[in-house]
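>>> Sequence and predicted model, in that order:
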Amino acid sequence: MKCKTLFVSVLAGVMLCSAGISVNAASSADMEISQNGIDFICGCEGFSAKCYWDSSQSSIGYGTKCRHSSVQPHKTGLHSITREQAMEDMHSEINTNYIKKVRNQTQGLDLNQNQFDALISLAYNCGGGLNRIYNAPLTKYLRGELSASEARSQYSNYIVYSGGKYLKGLYNRRVKEANLFFTEPTLQKPANAVLSLAGDRTVFDVSENLEFQFHADDAEAYYLNIELVGKSIDTLKIENSETYEKTFDQPGHYRIYASAYNTYGTAESEAVEFDVVLPEEAPHWCEVSTQNDRTIFHTDEKIQFTMSSDNASYFVLHIMRDTAWLGDVPVTKKNDVYSCPTSFGTPGTYTFYASAYYGDYSADSQKITVQITDSSLPGDLNFDQSVDTADLILMQNYLQQKNSLTKAQSAAADMNQDNICNIYDFIALKQKLLSE
């Protein structure tokens, strides 16, 4: 008896496979749309924050009926919706109308999750009335009336007319639905989508070339969704590449995110935001330096920071000590030179960078690191905690009137403690180095 039961079970499995029905299929009466199916429909519909006339109704969000309108056209763009509310409305419409229609018109058939999701997408797109699901070539395949190739071929031209006109967009959607239908449920939708903009900048000139980089697991293609001042202006499809270069001729604030796509769904990246401006409206670079590019100073020694940029109305110097934020220092302008003299009484490692501002835009300089020391080591003119030939050269240049010494440097150079730096101190420093 057990052998007979096993034989019947194996035979049933073979029959299901030969009919093109996956062994993990289930009765449509028990099925719900999956999250991957929801994502698939979202990718097909696209998102519109504003209402629009969609051949038979005023639609909004992910293709749902605009709740503020009647069946007649009303002013496009009159109402708006958030992505969250649009997703709720789409879920509600699918659960209320289309799941029931697909279940009724596939009654008695076994479907896997991808097949059920594909038919929900069809119902959501065409309404599902007039037995459109029952008569669909994909459903005929489930009933064994068509082969897989026949079902694919016929389905690509199933309900691709609207208002008597052939629409390539509907044809493309039928192809995507067929691909989903005949894809094994083990395939996962894309995941871990990321988008980045090459270079550490957020302000660009008009007509400047920008390079976008993007990636996602299991992606077949990508869509770059471009918004200008909060309004969607373009969607670019990119295949066989994970980089894209583009210029922007219209100034304004842009927001771009990537949608990674495969047969089973989409995954969206975090958005990158940047500004495109006319060249004269923003600084493009900023530099900051210390006198003679020194990186070691004594406590209470005045440090002269000098800032420059191609286009700035003012600068701000930012200061950190040992990774702790100390604050900002305003910068003055004298003889067309922006400078900031300041000193520090506490030893430590200090980090500085400057920001150049023009209108609403700014550019930051590279960070520079400076050591502030309270060393009182005789002969240590450069305050690097050691006495060597570099200090001797500093004293020699001073005696030859090639450079000046700060008060702290003069104190370190006074080897014989007579309150003056002269040739005798130079000789004493040289003898100190020779004796070591």
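Happy to help now that I have it. Predicted model only: the values in this text are computed from it and were never measured.

>>> got a list of contacts for the helix or strand Ser289 falls within?
Ser289 belongs to strand 286-290 when elements are defined using DSSP states H and E. With Cβ atoms under 8 Å, 6 or more residues apart in numbering as the test, strand 286-290 has contacts from 297, 303-309, 312, 315, 317, 352-356, 363-366, 368, 370. Just so you know, the C-beta spots here come from the backbone N, C-alpha and C atoms, and that holds for glycine as well.

>>> Doesn't Asp328 lie inside a strand?
Yes. Assignment of Asp328 by DSSP: H, G, I helix; E, B strand; the rest coil places it within a strand.

>>> Which strand residues bridge it?
Bridge pairing for Asp328 (DSSP bridges) gives the partners His318.

>>> That one contacts Phe315, doesn't it?
No. Applying Cβ atoms under 8 Å as the test, Asp328 and Phe315 come out as separate, 10.2 Å apart.

>>> between these two, who's got more neighbours?
Phe315 (27 against 12; other Cβ atoms under 10 Å).

>>> what's the burial count for the closest residue to Ile133 other than its chain neighbours?
Excluding the flanking residues, the one nearest Ile133 by Cβ to Cβ, 6 or more residues apart in numbering is Gln105, at 3.8 Å. Using other Cβ under 10 Å, Gln105 has 20 neighbouring residues.

>>> What segments of the stretch 151-300 of the chain are helices?
Per DSSP state H, counting those that start in this stretch, the stretch 151-300 of the chain carries helices over the ranges 168-181.

>>> Run through it and note the low-pLDDT ranges.
Within the stretch 151-300 of the chain, the stretches with pLDDT under 70 are 187, 264.

>>> can you pull out the strands in it?
Assigned strands in the stretch 151-300 of the chain, in chain order: 161-162, 165-166, 191-197, 203-205, 210-217, 221-228, 231-239, 243-246, 252-262, 265-268, 272-277, 286-290, 296-298 (criterion: DSSP state E, counting those that start in this stretch).

>>> Make a markdown table out of the ones you listed and add mean neighbour count and distance to Pro378.
Output for the strands of the stretch 151-300 of the chain, formatted as a markdown table (neighbours: other Cβ atoms under 10 Å; distance: least, Cβ to Cβ, whole Å):
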| stretch | mean neighbour count | distance to Pro378 |
| --- | --- | --- |
| strand 161-162 | 12 | 91 |
| strand 165-166 | 10 | 93 |
| strand 191-197 | 16 | 53 |
| strand 203-205 | 19 | 51 |
| strand 210-217 | 18 | 56 |
| strand 221-228 | 19 | 65 |
| strand 231-239 | 12 | 67 |
| strand 243-246 | 12 | 59 |
| strand 252-262 | 22 | 59 |
| strand 265-268 | 23 | 65 |
| strand 272-277 | 17 | 55 |
| strand 286-290 | 19 | 25 |
| strand 296-298 | 21 | 13 |
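
>>> Could you export these as JSON lines, including distance to Leu180?
Below are these laid out as JSON lines (distance: least, Cβ to Cβ, whole Å):
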{"stretch": "strand 161-162", "distance to Leu180": "21"}
{"stretch": "strand 165-166", "distance to Leu180": "22"}
{"stretch": "strand 191-197", "distance to Leu180": "17"}
{"stretch": "strand 203-205", "distance to Leu180": "38"}
{"stretch": "strand 210-217", "distance to Leu180": "18"}
{"stretch": "strand 221-228", "distance to Leu180": "14"}
{"stretch": "strand 231-239", "distance to Leu180": "18"}
{"stretch": "strand 243-246", "distance to Leu180": "26"}
{"stretch": "strand 252-262", "distance to Leu180": "9"}
{"stretch": "strand 265-268", "distance to Leu180": "9"}
{"stretch": "strand 272-277", "distance to Leu180": "30"}
{"stretch": "strand 286-290", "distance to Leu180": "51"}
{"stretch": "strand 296-298", "distance to Leu180": "66"}
